[in-house]
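Student: sequence and computational prediction follow.
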Amino acid sequence: MTDGIVYVEQGTCGHHVRACLALTVRLAGPNRLLRIIVDIHRSHGDLLASIGHELQHAVEVLSDPPVTDTRSIYFFFDRIGQIGQDRFETNAAIQAGLDVLAEWRASTR
């Protein structure tokens, strides 16, 4: 159980990535709101893998209750997955994306 709601929407992230978890957290009553942005102009499998990858990032954020605003989400990822200025990555998210892609490929055979 979590206190989060995650929206997935079409858009552009920047940094030459195809999808991203926006580094913002909004509070709506007892809920934390997160946004995943995806470029939908890709193959179906790549799109699904990207959404799975970013949903893992959302799970990571929502597993840490003190992450309640833009500052705390930035420092959260700085602590667990910094790979460059304003770019973050975690092994769990990479694996989630690969798992979703493998499952999709297996289902299309």
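Tutor: Perfect, I can see it now. Numbers count the residues shown, from 1 in each chain.
Student: can you give me the strands in the protein?
Tutor: Secondary structure of the chain, counting by DSSP state E: strands at 4-10, 19-21, 26-28, 31-38, 82-84, 87-88.
Student: what's the second one in contact with?
Tutor: Contacting residues not belonging to strand 19-21 are listed as 13-14, 34-39, 50-51, 53-54, 57-58, 61 [CB atoms under 8 Å, 6 or more residues apart in numbering]. Using the backbone N, CA and C atoms, a C-beta is placed for each residue, glycine as well.
Student: try it again at 10 Å.
Tutor: 6, 8, 11-14, 34-40, 42, 46-47, 49-58, 60-61, 73, 77, 87-88, 93, 97 (CB atoms under 10 Å, 6 or more residues apart in numbering).
Student: check the offset of that strand from the chain's centre.
Tutor: 5 Å (CA atoms, centre = their mean, to the nearest Å).
Student: which helix or strand in the chain has the lowest average pLDDT?
Tutor: strand 82-84 (a mean of 68; mean pLDDT, DSSP states H and E).
Student: pLDDT score assigned to the residue lying closest to Arg42 once chain neighbours are set aside?
Tutor: Distances taken as CB to CB, 6 or more residues apart in numbering place Arg18 nearest to Arg42, at 6.2 Å, with adjacent residues excluded. Listed pLDDT for Arg18 reads 89.
Student: and for Ile80?
Tutor: Looking at Ile80, the pLDDT reads 89.
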